[in-house]
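Undergrad: Would you be able to build a 3D model of this:
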Amino acid sequence: MKYIEFGIGNRWLVRTETEKPDGTETEARGIIRPIKFRSLYLRLWIRRTVWILDSQDGFKKATKARNQFKVIFGIRSEL
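TA: Model (predicted):
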């Protein structure tokens, strides 16, 4: 799965995070192509609570271990 993200709170304003089938993750600055669209999402992370609104999966709420502030708009893509 590939996540192309735009917003504040990450290391770069635009980044691509790639999750490989073995569970490892890598991130790169900018947009890494090709993009095989799966869904759009909006992620709002305030302190330890994360709200995610995904066009395919709907609304999710999660709790994380670390304090962060992020506002991210993203595209979920197949590898």
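Undergrad: Surely Gly9 and Asn67 touch.
TA: No: judged on CB atoms under 8 Å, Gly9 makes no contact with Asn67 at a distance of 11.5 Å. Glycine gets a C-beta too; all of them are placed from N, C-alpha and C.
Undergrad: more crowded one of the two?
TA: More crowded of Gly9 and Asn67, by other CB atoms under 10 Å: Gly9, with 14 against 9.
Undergrad: The more buried one and Gly58, how far apart?
TA: Remark: distance between Gly9 and Gly58 (CB to CB, to the nearest Å) = 22 Å.
Undergrad: which helices and strands does the longest strand along the chain pack with?
TA: For the chain, the longest strand by residue count, based on DSSP state E, is strand 58-78. Using 3 or more CB pairs under 8 Å, 6 or more residues apart in numbering; DSSP states H and E, the elements in contact with strand 58-78 are strand 2-8, strand 36-54.
Undergrad: what does the longest one rub up against?
TA: In this case it means strand 36-54. Residues from elsewhere that reach strand 36-54 (CB atoms under 8 Å, 6 or more residues apart in numbering): 1, 5, 7, 9, 55-57, 59-79.
Undergrad: Reduced to three states, what does the residue sitting furthest away from the middle of the chain come out as?
TA: Computed with CA atoms, centre = their mean, the residue of the chain farthest from its C-alpha average is Asp22, at 18.3 Å. Assigned by DSSP: H, G, I helix; E, B strand; the rest coil, the conformation of Asp22 is coil.
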